[in-house]
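*Asks:* attaching a predicted model along with its sequence, questions to come.
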Amino acid sequence: MKDSYRNNFPIVNRIEYKHKIHNDIRLDNYYWLKERENLDVIDYLEKENSYYRKMTKKDMIFKKNLFGEMKSRIKENDTSVPYLYNNYWYITRYEKEKEYPVYIRKKETLDSKEEILFDCNLMAKGHEYFSLIGINVSPDNRKVIYAIDTNSRRKYSIYVKDLKTGMKLNTKIKNTNGGSVWAADSKHFFYVKKNLITLRTEKIYRHNINKEEKSDVLVYHEKDSTYSVYVSASRSKKYIFISSYSTLTSEHQYLDSEMPLEKFNFIQSRIKGLEYEVSHFKKYFYIVTNHNDANNYKVIKTPIKKPGINNWINVLDHRKDVLIEDIDVFNNFWVVSERSNGLNKLLIKSWNKKFKDFYIPMKGETYSMYLGYNPDFSLSKIRYIYNSLVTPTTFFEYDILSKSKLVLKKDEVLDKTFNESNFIEKRIWALSRDGKEIPISIVYKKGLKINGKNPLLQYGYGSYGSTIDPSFSFSRLSLLNRGFIFAISHIRGSEYLGRDWYEDGKLLKKWNTFNDFIDCSKFLIEKKYTSPNHLHASGGSAGGLLMGVIANKAPGLYNSIIASVPFVDVVTTMLDDRIPLTTSEYDEWGNPNVKKYYDYMKSYSPYDNIKKQKYPNFYITAGYHDSQVQYWEPAKWVAKLREFKKDNNLLFLNTDMESGHSGASGRFNSLNEVADEYSFLLSLEGIYK
């Protein structure tokens, strides 16, 4: 296999290109691969795909069996937990041998005749990729807004359907983010348009369903290229919000939903570094904010008539050891979503002191727990969702007054051999090189000997404050049942241990993210969970950046690395303000037009730090239509790795020519991508069945 690899991998033309800034020159021989319409570029991508298929031809039956195995665990005829909103029950249904959902509703009771809103299986016919989002029924229940993307660039077209006739209105609004908010009159709605080049969400329009799009009114244009915008509604439906946000700063405007033609008013105009999110209850806005050094956030209230920062009143103080992630406001109580020592908690608070504040009881070393969809403002019951590395997603209904809970649904694993008690899940702590304790969530099958000989897949992300909580996976069972250990490293750059954990892994502290992952790897080897011959690493997007850095920095620790749509050409991308997301991310990575950020970014950028050394085995994916990490980043990375690496290990680039950042659409199509990854891992471990 490796002899044929040595002789037959695709050859890429090298065309010298020099990036020049700050009196520094970076040589980029593969810069030309960003010419999307260049036939030589497409030819190269297709040759890489052909090479990957040829090299893994012997694994095709195994991949097919893995796909069938993973799919067989998932209930095909399945329905969501119904929810009641505005006198209708809404349900999502999946049908056997169909890829897409069917959205239905029933009036007043679940015994009523069903009304099909959308059958996505019919709508998706003729499309390689199909995504329907943004379903939004009007207050009068007679119309529904929805948005469709068929090219995987996340450029959604908005449509409106008359629910009485079943016919589409003459509305087709292109290049949106798919979101919308109805005004109370069920005639006007607000939506967001994207910049055609950068895809930044930048303009809010008001649409009248009785008029053509050309008469739509621009109500707000976010001109600062480091900010994006979205539109939303309060749970009470009383107010509509326009929100502008960057990585470190947010700003909100509000409008009474019953007066859609009026002007939006600012709650508090932007102040650099001030973050706040808004909810509504009676005469006040309730706000989660970092105001006055509340790094882990606090909750304030402010009168709607005078909402500015000078009138903010503390309601729930900042706590150093508790991160406030969100609040959800209801008519009789409110819920605070917290994170303490890495674990999710739900705090229930009364408006009128009818009961003492309490937490919904929860046990476990490592799990995910979060509030579900609760659109009704007046109920005394809430829904929350729980799962863990061994527990399938479970939907609970919790009665606030009786403090009792009811299981509404638990995802069923269609595998007679599956039993939660057959697995061990726990949280362990690695020590970083600078003395920080790094949590690792880990799962493996009972009876596995911890002797250093086990294959282990270590997953990481560590950017944007995005926390990867442990969750159940139907497909992951295919690894665990074959002796794999799975571990999530909760490294800095996430908010797993609070806002400081994020701040300590961004900008000029970004190396902490990469070093944490490497130190976790060394810890897992030291504690004999695995060894370098059996340790595999995985990450996608910004987690793919992590994979690129560890490959350069500590290649000897890993047998293989899976990098999904990886952000690996950091400096070049962050210097190009025409690329989607670039300018809005200066607060995350730094602006390389400033020399200190350029130098620091260049110190870790995977593409710029490839060297002549041995590398692990690689499986790398890209999406030709990806709007977040452009296909040329992984393509350039692979081309340069082929030029520099001094080994005969596997290096595969698999580009989906039909999809974008999120991969294939459809409920089961994505399992083919998982089967590709798992067969790669298992074959390296000599497991073929």
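*Replies:* Structure received.

*Asks:* just the mean pLDDT for stretch 108-127, thanks.
*Replies:* Here the mean pLDDT over stretch 108-127 is 95, rounded to a whole number.

*Asks:* ditto for stretch 33-47
*Replies:* Within the predicted structure, the mean pLDDT of stretch 33-47 is 94.

*Asks:* distance between that stretch and the chain's centre?
*Replies:* Taking the mean of its C-alpha atoms, stretch 33-47 sits 28 Å from the chain's own mean (CA atoms, centre = their mean, to the nearest Å).

*Asks:* what's the answer for stretch 217-234, then?
*Replies:* 21 Å.

*Asks:* regarding that stretch, how distant is the last residue from the first?
*Replies:* Length of stretch 217-234, first residue to last, CA to CA, to the nearest Å: 22 Å.

*Asks:* contact partners of that stretch?
*Replies:* Residues from elsewhere that reach stretch 217-234 (CB atoms under 8 Å, 6 or more residues apart in numbering): 177, 179-182, 190-192, 198, 200-206, 239-246, 249, 253, 257, 264, 278-280, 577, 583-584, 586-587. Bear in mind the C-beta positions are built from the backbone N, C-alpha and C, glycine included.

*Asks:* where's I442, which helix or strand?
*Replies:* Assigning secondary structure by DSSP states H and E places I442 in strand 437-445.

*Asks:* what's the following helix or strand after that strand?
*Replies:* Note on strand 437-445: by DSSP H and E, the next helix or strand toward the C-terminus is strand 456-459.

*Asks:* which parts of the next helix or strand along the chain from that next one are buried?
*Replies:* The element immediately downstream of strand 456-459 (helix or strand, assigned by DSSP H and E) is helix 477-480. Buried positions in helix 477-480, judged by neighbour count with 16 or more other CB atoms under 10 Å: L477, S478, L479, L480.

*Asks:* how far away from the center of its chain is helix 477-480?
*Replies:* For helix 477-480, the distance to the chain centre is 23 Å (CA atoms, centre = their mean).

*Asks:* how about residues contacting it?
*Replies:* Outside of helix 477-480, the residues within contact range by CB under 8 Å, 6+ apart are 66, 69-70, 73, 413, 415, 418, 423, 443-445, 457, 486, 678, 681-682.

*Asks:* nearest to R319, of the buried residues of helix 477-480?
*Replies:* For the buried residues of helix 477-480, the minimum distance to R319 (CB to CB) is 36.7 Å, reached by L480.

*Asks:* confidence score at the closest one?
*Replies:* On pLDDT, L480 comes in at 98.

*Asks:* picking that back up, direction included, what does the strand holding I442 pair against?
*Replies:* When pairing is defined by DSSP bridges, strand 437-445 lines up against strand 423-431 (antiparallel), strand 485-489 (antiparallel).

*Asks:* starting at the chain centroid, how far to that strand?
*Replies:* Its chain's C-alpha centre lies 21 Å from the corresponding centre of strand 437-445 when counted by CA atoms, centre = their mean.

*Asks:* do stretch 473-490 as well
*Replies:* Chain-centre distance of stretch 473-490: 20 Å, with CA atoms, centre = their mean.

*Asks:* do stretch 263-272 as well
*Replies:* 28 Å.

*Asks:* tell me how far the ends of that stretch are from each other?
*Replies:* Its start and end residues considered, stretch 263-272 measures 24 Å (CA to CA).

*Asks:* identify all contacting residues around that stretch.
*Replies:* With CB under 8 Å, 6+ apart as the test, stretch 263-272 has contacts from 219-220, 240, 242, 244, 248-255, 274, 276, 278, 285, 287, 302, 307-309.

*Asks:* please redo it, this time with the cut-off set to 6 Å
*Replies:* With contact meaning CB atoms under 6 Å, 6 or more residues apart in numbering, stretch 263-272 is reached by I242, T249, E251, H252, Q253, Y254, L255, P307, G308, I309.

*Asks:* can you mark which positions in that stretch are buried?
*Replies:* Residues of stretch 263-272 classed as buried: F264, I267, Q268, R270 (neighbour count, 16+ other CB under 10 Å).

*Asks:* I'd like those as CSV, with secondary structure, distance to A639 and pLDDT appended.
*Replies:* Output for the buried residues of stretch 263-272, formatted as CSV (DSSP: H, G, I helix; E, B strand; the rest coil; distance: CB to CB, whole Å; pLDDT from 0 to 100):
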residue, secondary structure, distance to A639, pLDDT
F264, coil, 49, 98
I267, strand, 49, 98
Q268, strand, 49, 98
R270, coil, 42, 96
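
*Asks:* ok, those vs V41, which is closest?
*Replies:* Proximity to V41 was ranked across those by CB to CB; first place goes to R270, at 40.6 Å.

*Asks:* which phi and psi does that closest one have?
*Replies:* With angles defined as degrees, to the nearest 10, R270 shows backbone torsions of phi -60, psi 140.

*Asks:* want to try a markdown table for the buried residues of helix 477-480, with distance to D317 as columns?
*Replies:* Below are the buried residues of helix 477-480 laid out as a markdown table (distance: CB to CB, whole Å):
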| residue | distance to D317 |
| --- | --- |
| L477 | 43 |
| S478 | 47 |
| L479 | 44 |
| L480 | 43 |
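
*Asks:* and the helices in the chain?
*Replies:* Along the chain, the segments classed as helices by DSSP state H run 2-8, 39-55, 60-72, 120-123, 477-480, 499-503, 511-526, 542-553, 570-574, 586-589, 595-604, 632-644, 669-684.

*Asks:* I'd like to know which of those has the weakest mean confidence.
*Replies:* Here these differ in mean pLDDT, and the lowest is helix 2-8 at a mean of 53.

*Asks:* circling back: residues of the strand holding I442 that come out buried?
*Replies:* Buried residues in strand 437-445, counting neighbours by 16+ other CB under 10 Å, are found at I438, P439, I440, S441, I442, V443, Y444, K445.

*Asks:* now the angle from it to helix 511-526?
*Replies:* 40 degrees (axes from the mean of the first three to the mean of the last three CA atoms, to 10 degrees).

*Asks:* which residues does strand 437-445 contact?
*Replies:* Under the criterion CB under 6 Å, 6+ apart, residues 342, 366, 389, 423-425, 427-430, 432, 470, 480, 485-490, 516, 520 lie in contact with strand 437-445.

*Asks:* where does pLDDT dip in the chain?
*Replies:* Along the chain, segments meeting pLDDT under 70 span 1-7, 580-581, 659-665.

*Asks:* which residue is nearest the middle of this structure?
*Replies:* In the chain, the residue lying closest to the centroid (CA atoms, centre = their mean) is S466, at 8.1 Å.

*Asks:* which non-adjacent residue is nearest it?
*Replies:* Nearest residue to S466, sequence neighbours excluded (CB to CB, 6 or more residues apart in numbering): S494, at 6.1 Å.

*Asks:* my guess is I327 meets V336, correct?
*Replies:* Yes - with contact defined as CB atoms under 6 Å, I327 reaches V336; the gap is 5.4 Å.

*Asks:* neighbour-wise, which of these two wins?
*Replies:* I327 (24 against 21; other CB atoms under 10 Å).

*Asks:* residue contacts, that one?
*Replies:* Taking CB under 6 Å, 6+ apart as the contact definition, I327 lies against S279, V288, W334, V336.
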